[in-house]
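K.L.:
Fold the following, please.
(chains A and B)
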Amino acid sequence: MLQHIIPASGLLFTLQNILWINIGVFIGAVFAAIPGLTVILCVILFLPVTYSMSAIPGMMFLLGIYCAGGYGGSVSAILINTPGTPHAAATMLDGHPMSKQGRTKAALKIALYASTFGGIFSALALLFLGPQVAKLAAQLGTPEYFMVCLFGLTIIAGVSGKSMIRGIIAACLGLLISCIGSDPMTSYDRFTFGINRLYLGLDLAVCLIGLFALVEIVSRAEDQPQEMHMDTRKMKDDGTITKDEYKRMVRPALLGSLIGVMVGIIPGTGASEASWFSYSQAKNMSKHKEEFGNGSVEGIAAAESANNAVTGATLIPLLTLGIPGDGTVAIMLSALMINGLNPGLSLFTTQGDIMYAIMLGLILVNVFMFIQGKLLTPLFAKVVSIPQEILTPIIVIFCFAGAYSVNKNYFDVAVALVFCVLAWILRKLDMPPVPILLGLVLGRMTETNFRRALLISNGSPKIFVSSVYCWAFIALIVLAVGTIIRGKIHDRKAQEKEE
Amino acid sequence: MKDKMDRISARLREKQIRIPVDLTVGVVFFLVAAAVLLLMPSQVAISERDVVNGRAFPTLLMWVMMICCALLVGKEIYKIIKKRPIAYKTINLLVEVKALIIMAILVITYLLARTTDLFVVGAVFCAVAFLLYFRCKKPLYYVITVGMAVGIWAVFRFLLNVHF
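P.N.:
Below you'll find the predicted structure:
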């Protein structure tokens, strides 16, 4: 590891990288602070900007958005009792009551400190655990890789949305869409319907603009534009945090960071699950349970550290196995692959310096998030009240410009519109979009390993149960499916009891 | 004009359609999977020498999809037989009409940009159309949004060298 650290530092500490980190952090915090705009939407919109960059500045920019998004969501949660992003909901429970007590700046500071702590903790976890998991991944062959893909898809389909069956249908749809274009093994065209442009397949970024960004615009039909004016002059407290409060933050922040890392490593789970789990654990372990829900320092620290500790951990399965931990990092995978960086052990051996630069960069991202948070929080707070009337067309223009700039043609804009219509129909049918995204991302990898394995075995499916690793993944899939089904039954029973 | 639109929207708001969501998903995606399987021979060329050809993976996917759909439909039919409540989704007509208007704005923006081959034309239309959709009466908002639309085009055109 040490042999990579020094050259990686040389690659990382350039003016260009530091500039892109800061731009990413700023954009991420601003986007996440605005209720209704999500981090995933922000990453999709700005992904085309990274196409002209090399790997390190591109990834630094996207990681800046990703990490700062974790903190930015807490700003509106604390100020206006509306979480900017779903994973800031747990922060809101104590952040807003603390703000109402006249301690807005203190609440924002606690959220910032805990977010930074969680983020750096997970960046270190990535730095130390990533290469070890990659070594393990090197022992996997094609059948095992197919089982890994299947495991990732099963979990993601299971945890996304209310129904596991609907999740699997959505994942199948995503995988089917990934088949459009040339056959990865024979180069024959598939499902192109005579449209030559489809031979190259559908670009991931273009599909995502339709599936996640444009559909959000159409969903404006569901609500009235709200003006959430936050008078930042109300932030009159000096933001003092007492020594006792600092002491009380340590344990929940540490616990939250650990939970965030553990949850983040499992594909399909994310910052929301981590922050709620951490919040409830911190409450159970606290000596001041009565303060939870009424402006508890521990509550904010537990929730915020956990949701930012997920950021580095989700990159572990992404960089080592190519399985994205959540939807946002799935998009980052395309930023990596466009620069010829394919996940796995080879990434850590042949491109070790770049990989370590990215992992070290995550620490730097958190440092700059802290600095910007300290200096620019009043500005982020003002952003909360930008009217929807102005934001909506600007997002559409960004979406269209982004879709066009991927391949510099209007065909991609039309594809994005088609995906927008598809996403709207799926939304009406309560179909979760994340399994479709994962199907799109994992499609080629899953199919290639599936077919290669069958080619090796001359068509015999026995190859998928031929090694210890295969059996281990089958056991994991069965365990995961069992746990998900058990959880759903438990939820249903609890719901029936309530009724 | 405003009063008339308000009256229409009030009427539409009251109109709701309830769809049995799981049954619909099951039937729709079963048909989609069946259609893909039927289209497969004409859409996926294969070589007879292939041990595992290009149809194998999509065929497997469509069978998984059909099994899942059958499970969904079977579960709902079982509920109906047992006289248990099935899952419904309420669709509001006003929301759908508004969604159609937004879709129309998006499509016209695309068509304007494409036919004129000048992205900024579509961008300005989009900015004004959305402000009208939101019934915005503040001139400052129009100035800001149109200015931003031109600004975004200029950044992509002159800084990122995207010629549109």
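K.L.:
contacts, neighbours, all on C-alpha from now
P.N.:
Fine.
K.L.:
Give the other helices and strands that the helix-or-strand element of chain A with minimal mean pLDDT contacts.
P.N.:
Lowest mean confidence among the helices and strands of chain A (mean pLDDT, DSSP states H and E): helix A:345-349, at a mean of 71. When contacts are defined as 3 or more C-alpha pairs under 8 Å, 6 or more residues apart in numbering or on different chains; DSSP states H and E, helix A:345-349 packs onto helix A:104-137, helix A:297-321, helix A:352-383.
K.L.:
repeat that with 7 Å
P.N.:
helix A:104-137 (3 or more C-alpha pairs under 7 Å, 6 or more residues apart in numbering or on different chains; DSSP states H and E).
K.L.:
got the buried residues for the helix it packs on?
P.N.:
By neighbour count on 16 or more other C-alpha atoms under 10 Å in any protein chain shown, the buried set for helix A:104-137 is A:104-127, A:130-131, A:133-135, A:137.
K.L.:
After that helix, which helix or strand is next?
P.N.:
Per DSSP states H and E, the first helix or strand lying C-terminal to helix A:104-137 is helix A:142-159.
K.L.:
what's the offset of that next one from the middle of its chain?
P.N.:
18 Å (C-alpha atoms, centre = their mean, to the nearest Å).
K.L.:
residues in contact with it?
P.N.:
Outside helix A:142-159, the residues that touch it by C-alpha atoms under 7 Å, 6 or more residues apart in numbering or on different chains are A:164, A:167-168, A:171, A:267-268, A:323, A:435, A:442, A:446, A:449-450, A:452-453, A:463-464, A:469-470, A:473, A:477, A:480, A:484.
K.L.:
Outline the domain layout of chain B.
P.N.:
Following automatic domain parsing, chain B resolves into domains at B:17-86, B:93-159.
K.L.:
How far away from the center of its chain is the least confident helix or strand of chain A?
P.N.:
Mean-position distance between helix A:345-349 and its chain equals 23 Å (C-alpha atoms, centre = their mean).
K.L.:
what sits up against that helix?
P.N.:
A:131, A:134-135, A:137-138, A:320, A:341, A:355.
K.L.:
what separates B:Met65 from chain A, distance-wise?
P.N.:
Taking C-alpha to the nearest C-alpha, to the nearest Å as the measure, B:Met65 and chain A are separated by 5 Å.
K.L.:
And B:Leu132, by the same measure?
P.N.:
Distance from B:Leu132 to chain A, by C-alpha to the nearest C-alpha: 9 Å.
K.L.:
which bits of chain B sit near chain A?
P.N.:
By C-alpha under 7 Å from any C-alpha of the partner chain, the residues of chain B that approach chain A are B:21, B:25, B:43-45, B:51-52, B:54, B:57-58, B:61, B:65, B:68, B:95, B:98-99, B:102-103, B:114, B:123, B:126-127, B:130-131, B:134, B:141, B:145, B:149, B:162.
K.L.:
tell me which element A:His4 falls in.
P.N.:
helix A:2-12.
K.L.:
Now do that helix: which elements does it pack against?
P.N.:
For helix A:2-12, the packing partners by 3+ C-alpha pairs under 7 Å, 6+ apart come out as helix A:352-383.
K.L.:
Tell me the helix or strand right after the helix it packs on.
P.N.:
helix A:388-407.
K.L.:
List the buried residues of the lengthiest helix in chain B.
P.N.:
When chain B is scanned for its longest helix (criterion: DSSP state H), the result is helix B:56-81. Using 16+ other C-alpha under 10 Å as the test for burial, helix B:56-81 gives B:57-59, B:61-70, B:72-73, B:76.
K.L.:
With respect to A:Leu422, which of these is nearest?
P.N.:
Among the buried residues of helix B:56-81, B:Met65 lies closest to A:Leu422 (C-alpha to C-alpha), at 17.3 Å.
K.L.:
Chain B contacts on chain A?
P.N.:
A:165, A:169, A:172, A:176, A:183, A:188-191, A:193, A:218-219, A:221-222, A:389-390, A:393-394, A:397, A:405, A:410, A:429, A:447, A:451, A:454-455, A:458-459.
K.L.:
Now the residue most central in space within chain B: closest residue in space, sequence neighbours ignored.
P.N.:
The centre of chain B sits closest to B:Met103, judged by C-alpha atoms, centre = their mean, with a distance of 8.3 Å. Nearest residue to B:Met103 in three dimensions, chain neighbours excluded: A:Val218, at 6.7 Å (C-alpha to C-alpha, 6 or more residues apart in numbering or on different chains).
K.L.:
Is the one you found within a helix or a strand, and which one?
P.N.:
With DSSP H and E as the test, A:Val218 turns up in helix A:215-218.
K.L.:
For that helix, name the packing helices and strands.
P.N.:
Counting by 3+ C-alpha pairs under 7 Å, 6+ apart, helix A:215-218 packs on helix A:410-428, helix B:93-116.
K.L.:
Wasn't B:Thr90 part of a strand?
P.N.:
Yes: B:Thr90: assigned to a strand according to DSSP: H, G, I helix; E, B strand; the rest coil.
K.L.:
Following the chain past the worst-scoring helix or strand of chain B on mean pLDDT, name the next helix or strand.
P.N.:
One helix or strand of chain B scores below all others by mean pLDDT, DSSP H and E: helix B:2-14, with a mean of 76. Sequence-wise, the next helix or strand downstream of helix B:2-14 (DSSP H and E) is strand B:16-20.
K.L.:
Now do the buried residues in the helix or strand just after that following strand.
P.N.:
As assigned by DSSP H and E, the chain's next helix or strand after strand B:16-20 is helix B:21-43. Applying a neighbour-count criterion of 16+ other C-alpha under 10 Å, one finds B:21-27, B:29-30, B:32-34, B:36-37, B:40, B:43 buried in helix B:21-43.
K.L.:
Among the residues you listed, which one sits closest to A:Gln351?
P.N.:
B:Gln43 (38.9 Å).
K.L.:
Spell out the secondary structure type for the residue of chain B positioned farthest from its centre.
P.N.:
Most distant from the centre of chain B: B:Arg49, at 40.5 Å, with distances by C-alpha atoms, centre = their mean. Here B:Arg49 is recorded as coil under three-state DSSP.
K.L.:
Could you give the backbone dihedrals for it?
P.N.:
When read as degrees, to the nearest 10, the backbone of B:Arg49 gives phi -80, psi -20.
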